[in-house]
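Q: No sequence on hand, only this structure:
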């Protein structure tokens, strides 16, 4: 099925961000610990909700956010199997892409040498590329109707290798020719939820799956599963999300579907941290509701620090530092809280700054979040309440009188 994109200047369903009735009065806070972050003097910076956009007519979810600074575009995948595009600074609606007939599992502006191209993979068994200039589908890789595409990643020694995670298989294509090069089908026994090429070793590919295994492959030359499977790490439960961190990105963090956290040295396959009670530990590190789930992790290279991002069913998020020495507890007190923007589970967070920057140091915008309430929120890291009337920042990370709430199950 050929995809299409509609470029629209603005419609009734797309509300200009600062005119949104959801933006007024929302608040949040960002507190940086000087000792932990290297700040010379004690500072408390306020994090407010700058923009809030209602992205749907009914009960559609925001699944994922992706951005490309080169073309100043924010992309959002929705539960309607569509992609929508916005201005990251103003929230102005730019257009919509449709074509997928199954759930969009991942989106990314990562195609080689093509900043204007966004790719998406879906439960319909396809990986599609869209040109954000013409709003047209320009490429389609079809793994077959029986293969659900859960994740993809560009890498390899040439940078033109595309890996995807499917039903117990890892598929590899040459992006330039769209030719399938390999199907790795013996290493995993269940859905492959994540594939990632290592940032500093582009020929190394990490795959993670529902079977609890994390595999490391060498993709140089002709790919043969028997010879190129380098190591296997056993997380012992279904893997939801993984990412690289460390000064040479030699470390791997891993979040599971039962909300546990572990960290690994993926080069030698050793587990360094295993936090089975991560939600309880996080809950004890702030005076807000119970942490019900984890959305993601964030790494800052200048600080060499890793945060796990936990959320509540009411839509509040917290950035909790992960300690390399867990003797005093593997998770530390929340250093950033995003509260008041969402009314339900938050599915995605996209930081404005990359891992090469300090947390909250990116030109006044902290990042964007999206969730099951259908809202796309932009968070401000600077104290500019006098110039932005759409939000009031007054909530602190620690508050007197902790609220109690029944324990929730993660989504």
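A: Cool, got the structure. These numbers were taken from a predicted model, which means no experiment stands behind them. Residues are numbered from 1 along each chain as shown.
Q: Wasn't residue 226 part of a helix?
A: Yes: according to DSSP: H, G, I helix; E, B strand; the rest coil, residue 226 belongs to a helix.
Q: Give me the neighbour count for it.
A: Other residues within reach of residue 226 by the criterion other CB atoms under 10 Å amount to 6. (C-beta placed from N, C-alpha, C; glycine too.)
Q: quick one: it from residue 148, how far?
A: According to CB to CB, to the nearest Å, residue 226 and residue 148 sit 26 Å apart.
Q: cool, residue 370 as well?
A: 22 Å.
Q: The two: who's more crowded?
A: Of the pair residue 370 and residue 148, residue 370 is the one with more neighbours under other CB under 10 Å, namely 27 against 20.
Q: that's a strand at that one, yeah?
A: Yes: checked against three-state DSSP, residue 370 lies within a strand.
Q: Now it: closest residue in space that isn't a chain neighbour?
A: Of all residues not flanking residue 370 in the chain, residue 62 sits nearest, at 2.9 Å (CB to CB, 6 or more residues apart in numbering).
Q: mind checking how far the one you found is from residue 83?
A: Distance from residue 62 to residue 83, by CB to CB: 11 Å.
Q: which neighbours do the two share?
A: Common contact partners of residue 62 and residue 83 (CB atoms under 8 Å, 6 or more residues apart in numbering): 76, 77.
Q: give me the beta-bridge partners of the residue nearest to residue 370?
A: residue 78 (DSSP bridges).
Q: What is the burial count for it?
A: 27.
Q: For it, which residues are in contact?
A: Residue 62 neighbours (CB under 8 Å, 6+ apart): 55, 76, 77, 78, 347, 348, 370, 371, 372, 374, 375, 376.
Q: Check whether residue 244 really touches residue 254, as I assumed.
A: No: Residue 244 lies out of contact with residue 254 (CB atoms under 8 Å); the separation is 10.9 Å.
Q: When these two are compared, which one has more neighbours?
A: Counted by other CB under 10 Å, residue 244 and residue 254 do not tie: residue 254 has more neighbours, with 27 against 20.
Q: pretty sure the more buried one contacts residue 262?
A: Yes: in this structure, residue 254 is within contact of residue 262 by CB under 8 Å, at 4.8 Å.
Q: Overlap of the contact sets of those two?
A: Common neighbours of residue 254 and residue 262 (criterion: CB under 8 Å, 6+ apart): residue 235.
Q: Just the pLDDT for residue 59.
A: Model confidence at residue 59, given as pLDDT, is 71.
Q: got it, and the one 4 residues further on?
A: Per-residue pLDDT puts residue 63 at 95.
Q: Quick check: the closest residue to it other than its chain neighbours vs residue 130, distance?
A: Once flanking residues are discounted, residue 63 sits nearest to residue 77: 4.6 Å by CB to CB, 6+ apart. Distance from residue 77 to residue 130, counting by CB to CB: 11 Å.
Q: joint contacts of those two?
A: Listed contacts common to residue 77 and residue 130 are 83, 120; contacts here mean CB under 8 Å, 6+ apart.
Q: next helix or strand past the top helix by length along the chain?
A: With secondary structure taken from DSSP state H, the chain has its longest helix at helix 278-283. Downstream of helix 278-283, the first helix or strand assigned by DSSP states H and E is strand 293-300.
Q: mean confidence score for that following strand?
A: Here the average pLDDT along strand 293-300 is 96.
Q: And for stretch 73-90?
A: 90.
Q: Then stretch 123-132?
A: 95.
Q: now the end-to-end length of that stretch.
A: Terminal residues of stretch 123-132 lie 22 Å apart, using CA to CA, to the nearest Å.
Q: so residue 125 makes contact with residue 149?
A: Yes: here residue 125 reaches residue 149: they are 6.1 Å apart, a contact under CB under 8 Å.
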